[in-house]
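*Asks:* Next comes the sequence, and after it the predicted model I'd like to discuss.
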Amino acid sequence: MARPTKPRALDSFPHPCGRGYNRDVENLKVLILMFGNDGYVFFYRLLEMVYSQENCTLVLDERARMVLIDLIRVKPQRFDEMLAAALELHLFDPEGYQDGKVITSATIRDVASAAFKKRDQEQARYRRNSATETHPETP
């Protein structure tokens, strides 16, 4: 019987904090200049929700939008303005959003891919180590 696969979501993600670490750092600075702390909170709350979804892709339906508005504690109009700016700055893929309200980006896909690969390698190493360990017989 095949072992069920775990959902491809992440419990955590890297937080870019230095120049050259993440291609989106400069654009995030612009978003923060435009919206202050609201822009910062918007970006990272949205990332938290994206990375927790299957395949690290979020469909921003009305329910998800309302949850984010509540988490960020902004008015719906302000949320929509920040989303439009984030899409214009290419912090998220504008095409995916226009085609189906999908929130993702090249950076999100790269981070998720690296994390999934590392997790798969660690799980494989654990399975190999568990298979080679000898367990004494229980009397």
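*Replies:* It's in. Numbers count the residues shown, from 1 in each chain.

*Asks:* going forward, measure contacts between C-alpha atoms and count neighbours the same way
*Replies:* OK.

*Asks:* Wait, residue 94 touches residue 88, no?
*Replies:* Yes. The criterion here is Cα atoms under 8 Å, and residue 94 meets it with residue 88 at 7.1 Å.

*Asks:* Identify the single longest helix in the protein, thanks.
*Replies:* Ordering each helix of the chain by length in residues (DSSP state H) puts helix 106-132 first.

*Asks:* by contact count, what packs against the host helix or strand of residue 63?
*Replies:* Taking DSSP states H and E as the definition, one finds residue 63 inside helix 62-72. Helices and strands touching helix 62-72, by 3 or more Cα pairs under 8 Å, 6 or more residues apart in numbering; DSSP states H and E, are helix 37-51, helix 76-88.

*Asks:* Show me what counts as buried in the lowest-mean-pLDDT helix or strand in the chain.
*Replies:* The helix or strand of the chain with the lowest confidence, counting by mean pLDDT, DSSP states H and E, is helix 106-132 at a mean of 78. Within helix 106-132, the residues that count as buried by 16 or more other Cα atoms under 10 Å are 108, 111-112, 115-116.

*Asks:* farthest-separated two in these?
*Replies:* 108 and 116 (11.9 Å; Cα to Cα).
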